[in-house]
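Enquirer: below are the sequence and a predicted model; questions follow.
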Amino acid sequence: MKFKQLQAVKSRAYAAFARGEHLEVPKEEAARLDSISLAFVGDAYYALHLRHRLVDTGIPHVQILHLLAAEFVSAKVQAYVYRQIKNDLQEEEKMVCQRARNAHTQVPKSASVSEYHDSTALEALVGYLVMAEKTERLGELMEQVYTYTKEYCAVKHGEKDNL
């Protein structure tokens, strides 16, 4: 998209948002939404869910909460979680993840290409479940995310024997 086109779409988006209206683009079912848009939503939901779980632990210092949250929502941890759950996904969920893994994105230096693709797949899956309003399945998935994030933490930080 050229700069002028981007600016025009951005102006229309601001106006639609300010009026509380839907931008004049065809509405798609959640599974067909752009993978990166799904990952955008999934990233936010994922981070909020894990931050909520962290606060529930009673950790009294915001700096520690932030450090743990940053680690637990990193591409490395999300890739670990994705690899634990990917074989148990439903067919439509697997398709959403595969499209997200194949999406062209810039990989940050903090993760390998494989980790970044897997973390994008997990975020897109969460975003898909949010956008499709599949709340029961989303709840199940986020329980798995929490379980495998705790497992990662125990292995990485030496609490494996206490599980």
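Expert: All right, it came through fine. Numbering: from 1, shown residues only.

Enquirer: got the phi and psi for the spatially most central residue of the chain?
Expert: In the chain, the centroid-proximal residue (Cα atoms, centre = their mean) is Glu123; its distance is 2.4 Å. When read as degrees, to the nearest 10, the backbone of Glu123 gives phi -60, psi -40.

Enquirer: and it, how far from Ala103?
Expert: 11 Å (Cβ to Cβ, to the nearest Å). For the C-beta atoms, the positions are set from N, CA and C on the backbone; glycine is no exception.

Enquirer: then His117?
Expert: To Ala103, His117 is 8 Å away according to Cβ to Cβ.

Enquirer: please apply the same query to Gly20.
Expert: 30 Å.

Enquirer: pick out whichever of these two has more residues nearby.
Expert: Ala103 (16 against 6; other Cβ atoms under 10 Å).

Enquirer: list the contacts for the residue nearest to that one when sequence neighbours are not counted?
Expert: Of all residues not flanking Ala103 in the chain, Ser35 sits nearest, at 4.4 Å (Cβ to Cβ, 6 or more residues apart in numbering). For Ser35, the contacting residues are 96, 99-100, 102-103, 120, 124, by Cβ atoms under 8 Å, 6 or more residues apart in numbering.

Enquirer: before we move on, what about Leu129?
Expert: Taking Cβ under 8 Å, 6+ apart, one finds 137-138, 141 in contact with Leu129.

Enquirer: dump the residues you listed into TSV; add neighbour count and secondary structure as well.
Expert: Formatted as TSV, the contacts of Leu129 follow (neighbours: other Cβ atoms under 10 Å; DSSP: H, G, I helix; E, B strand; the rest coil):
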residue	neighbour count	secondary structure
Arg137	14	helix
Leu138	19	helix
Leu141	22	helix
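
Enquirer: out of the residues you listed, flag the one nearest to Phe3.
Expert: Checking the contacts of Leu129 against Phe3 by Cβ to Cβ gives Leu138 as the nearest, at 37.1 Å.

Enquirer: fine, thanks again, bye for now.
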